[in-house]
Each structure stands twice: as structure tokens, then as C-alpha cells.
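> pasting the sequence and the predicted model now:
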Amino acid sequence: MIDQNVYKQLREKAEKAIEYVRDELMTIRTGKASPSFVESLLVLTYGGTTKLKVQELATVSVAGPNALTINPFDASTVQDIEKAILASPLGLTPRVENKNIHITIPALSEDQRRQYQKVVAVKVEEGKVRIRGSRDETRRHIKQLFEDKAVTEDEKFTGEKQIDKIALEYTNRLEEIKEKKDRELMEV
């Protein structure tokens, strides 16, 4: 008999792959303002001695459909946050006003939308590769159980079918995530 924990572990690994993809896709801008664009940017601050994420240094809020406001906890980090945003590949131009940083998110061109769709496809494929790796690892475990005569051939066959079913379920979820992000990207 195959221990149910085998399937549970596969689901947990596949869930982590889905979370990884979701986190990666949050950083891809769609033309709408979202705090996730800048929250994970690394900022070299406090005289270059500390690397912290924007979300650890400030609150980021949406200030309209295409604008963000960053309110640093410590006013001495404003310039460091501004530099990190300018140096990032996001192509955003921050504007410092008092102790706050304002960012206007420019509309995406058709070419940019297509490029981002390619990036989305790559990130989703990375998630699928992770799921397939976990599936293959689990299948090897079941095969080893069979070779050690801990399970019968029927149990091995049934276990492999169950593993494939779980992997397909999570792969389909990744496809749904990809389609949703593609629709967001193409919205004008």
C-alpha cells in the first residue's frame, strides 16, 4: 500500500511551484498600479550597509488607477528608495515630494505587452518544470517501493496514475494563471 503522504508531499511541492509563479508574475506590470511592482525591489540603504526590500522600508499604496505612493518609515531612506526604483528594470520614474515618493505608471505599448506575455510564458514554464521534476521524483520513489517489493505492480500502476493526475491538475492551474495574466496584459 502506498502511503498517502507521498501524494501529499507532491501536492505541497506543486503548490510551492504555483506560489513561485504567482510571486514572479506579480512583478510584471500590466499598466495598472499595483504595490507589488516595487515592494520586492532591493534598496541599499543606511550608508550602503544594509539591503532591504521596499516593503521593509515603507508602505506602498495605490494612489489612483496608474499611480503609487511610497511613504518611507524613515525619512533618511527616501533617496535610497528613489535610486533603487530608478536603477530597476521597471522603467519607472519616481518623483519625491516632501517625505513621500510618487510614481506614475505609464501605459504599456503594444510591443511592451507582447514582450511581457513572453516573460509570463517563461515564468509559467519554469513552474511547470518544477512540477514535472516533483512528479518524476515521486514516480522514482514509487518505482523504488515496487523494486523493494513494498508495493505490488497494481499498486505501482495505480500510484503512477494518481501522481500523473495530481501533476496535470497543477499544470492546468498554471495554464489558467497564464491565461488570466495574458488577459490583464492585453487590457487597455
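On my side now, so go ahead. Residues are numbered from 1 along each chain as shown.
> phi, psi of L42?
phi -90, psi 140 (degrees, to the nearest 10).
> am I right that it is in contact with K53?
Yes. The criterion here is C-beta atoms under 8 Å, and L42 meets it with K53 at 6.1 Å. To be clear about C-beta, it is placed using only N, CA and C from the backbone, and glycine gets the same treatment.
> the longest helix in this protein is where?
In terms of residue count, the longest helix belonging to the chain (DSSP state H) is helix 110-147.
> roughly how far out does the helix or strand of the chain with the lowest mean pLDDT sit from the chain middle?
Lowest mean confidence among the helices and strands of the chain (mean pLDDT, DSSP states H and E): helix 36-39, at a mean of 82. Mean C-alpha position of helix 36-39 versus that of the full chain (C-alpha atoms, centre = their mean, to the nearest Å) differs by 12 Å.
> picking that back up, pLDDT of the longest helix of the chain, averaged?
Taken as a whole, helix 110-147 carries a mean pLDDT of 93.
> buried residues in that helix?
Buried residues in helix 110-147, counted by 16 or more other C-beta atoms under 10 Å: 113, 116-117, 120, 123-124, 127-128, 130-131, 134-135, 138-139, 141-142, 145-146.
> then stretch 1-14?
So stretch 1-14, judged by 16+ other C-beta under 10 Å, has buried residues 2, 7, 10, 13-14.
> packing partners for the least confident helix or strand of the chain?
helix 54-57, strand 67-72 (3 or more C-beta pairs under 8 Å, 6 or more residues apart in numbering; DSSP states H and E).
> give me that answer again for 6 Å
helix 54-57 (3 or more C-beta pairs under 6 Å, 6 or more residues apart in numbering; DSSP states H and E).
> continuing past the helix it packs on, what's the next helix or strand?
Next along the chain after helix 54-57, taking DSSP states H and E as the criterion, comes strand 58-62.
> avg pLDDT for that next one?
On average, strand 58-62 scores 92.
> and the contacts of it?
33, 35, 38-39, 69-72 (C-beta atoms under 6 Å, 6 or more residues apart in numbering).
> rewinding a little: ok, and what's touching the least confident helix or strand of the chain?
26, 29, 54-55, 60.
> parallel or antiparallel, which strands does the helix or strand just after it pair with?
Counting by DSSP H and E, the next helix or strand C-terminal to helix 36-39 is strand 42-45. Strand 42-45 has its sheet partners listed here by DSSP bridges as strand 50-53 (antiparallel).
> buried residues in the strand it pairs with?
Quick answer for strand 50-53 (16+ other C-beta under 10 Å): L52.
> please save the CA atoms from that strand in CSV.
Extracted in CSV, the C-alpha atoms of strand 50-53 (Å, rounded to 0.1, in the frame of the first residue of the first chain):
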residue,chain,number,x,y,z
THR,A,50,22.0,47.3,4.6
LYS,A,51,20.0,45.7,1.8
LEU,A,52,16.2,45.8,2.5
LYS,A,53,13.1,45.4,0.3
